[in-house]
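Chemist: Return atomic coordinates for the entry below.
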Amino acid sequence: MKKNTPRREDGLSRERIIEESIALLDSSGESGLTFRALAERLATGAGAIYWHVANKSDLLTAACDAIVARTLDEATPVDAAPQEVVRALALGLFDAIDAHPWLGSALTNSPLQMPMVRILERLGQQVRAMGVPEAAQLASASALLSYVVGVSVQNAANAQLGRQLGGGREAILSQVAQGWTQLDADAFPFTRSIAAQFHAHDDRADFLAGIDLILRGMA
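Modeler: Modelled structure (predicted):
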């Protein structure tokens, strides 16, 4: 008698499923990642996909982890000082999250899972290599992790908002800066004073400036 056990289809691997999921997420966003749409891309049935992933949450985390692992490996310079490694890793993640906006929610919705653990581990190794006292290593690595992920996710969200508003980055920043110049001078003296700088600021440069502030504080 034939067993009523589903059979894994030849040529379908977890790695292939994850890569197609990434392509689907990039083109359609998180809402577009469905097992039906993924099955169509893979020319297979949804049941075959369930051999490799438990559900959509598992699939999203796996796709996120694949990009994070790849980014960390590609961004890590060889024979560089720990501070330079941190800057390279941070910028690599910043750019990856900007290129894949869905990564932001995937990371924040799985704070204790492998993607975040990978980032924490890689940053923590550099914190230790910098000679930070053991008692301060967790706080230092956590500060870097929170800053890198938090600012990168916010930057990607800002870019998404700009696209939804239908304007370019410069046009939107100019509009915001113009609004800041009209704020009450007594209530918002600082915000008014930086309006011109905000219009012309560089997101990546500001991001790295924050990394340097944290690194100097650790030193």
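
Chemist: longest single helix anywhere in the protein?
Modeler: Ranked by number of residues, the top helix in the chain under DSSP state H is helix 134-165.

Chemist: Now the element after that one, going C-ward?
Modeler: helix 169-181 (DSSP states H and E).

Chemist: Could you list the low-confidence segments of the chain?
Modeler: Along the chain, segments meeting pLDDT under 70 span 1-11, 162-169.

Chemist: 50 instead, please
Modeler: 1-9 (pLDDT under 50).

Chemist: thought residue 143 was touching residue 211?
Modeler: No: if you go by Cβ atoms under 8 Å, residue 143 and residue 211 don't touch, sitting 10.4 Å apart. (C-beta placed from N, C-alpha, C; glycine too.)

Chemist: So for those two, which residue has more residues nearby?
Modeler: residue 211 (20 against 16; other Cβ atoms under 10 Å).

Chemist: gap between the residue lying closest to the more buried one once chain neighbours are set aside and residue 15?
Modeler: Nearest residue to residue 211, sequence neighbours excluded (Cβ to Cβ, 6 or more residues apart in numbering): residue 90, at 5.0 Å. Counting by Cβ to Cβ, to the nearest Å, the gap from residue 90 to residue 15 is 27 Å.

Chemist: next one: phi and psi at the residue nearest in space to the middle of the chain?
Modeler: Geometric centre of the chain, nearest residue: residue 97, 3.6 Å, by Cα atoms, centre = their mean. Main-chain dihedrals, residue 97, degrees, to the nearest 10: phi -70, psi -30.

Chemist: Count the neighbours of the nearest residue to it once chain neighbours are set aside for me.
Modeler: Spatial nearest neighbour of residue 97, chain neighbours left out: residue 152 (4.2 Å); criterion: Cβ to Cβ, 6+ apart. Look at residue 152: counted by other Cβ under 10 Å, it has 23 neighbours.

Chemist: Spell out the residue ranges of the helices in the protein.
Modeler: 14-28, 35-42, 46-49, 56-75, 82-99, 103-108, 114-129, 134-165, 169-181, 189-193, 195-200, 203-218.

Chemist: who does the third one touch, helix- and strand-wise?
Modeler: Using 3 or more Cβ pairs under 8 Å, 6 or more residues apart in numbering; DSSP states H and E as the contact criterion, the neighbours of helix 46-49 among helices and strands are helix 35-42.

Chemist: how far off helix 14-28 does the helix it packs on point, in degrees?
Modeler: 110 degrees (axes from the mean of the first three to the mean of the last three Cα atoms, to 10 degrees).

Chemist: got the contact list for helix 35-42?
Modeler: Applying Cβ atoms under 8 Å, 6 or more residues apart in numbering, the external contacts of helix 35-42 come out as 12, 16-17, 20-21, 23-24, 28, 45-46, 48-50, 56, 59.

Chemist: which of those count as buried?
Modeler: Neighbour counting with 16 or more other Cβ atoms under 10 Å marks 12, 17, 20-21, 24, 48-49, 59 as buried within the contacts of helix 35-42.
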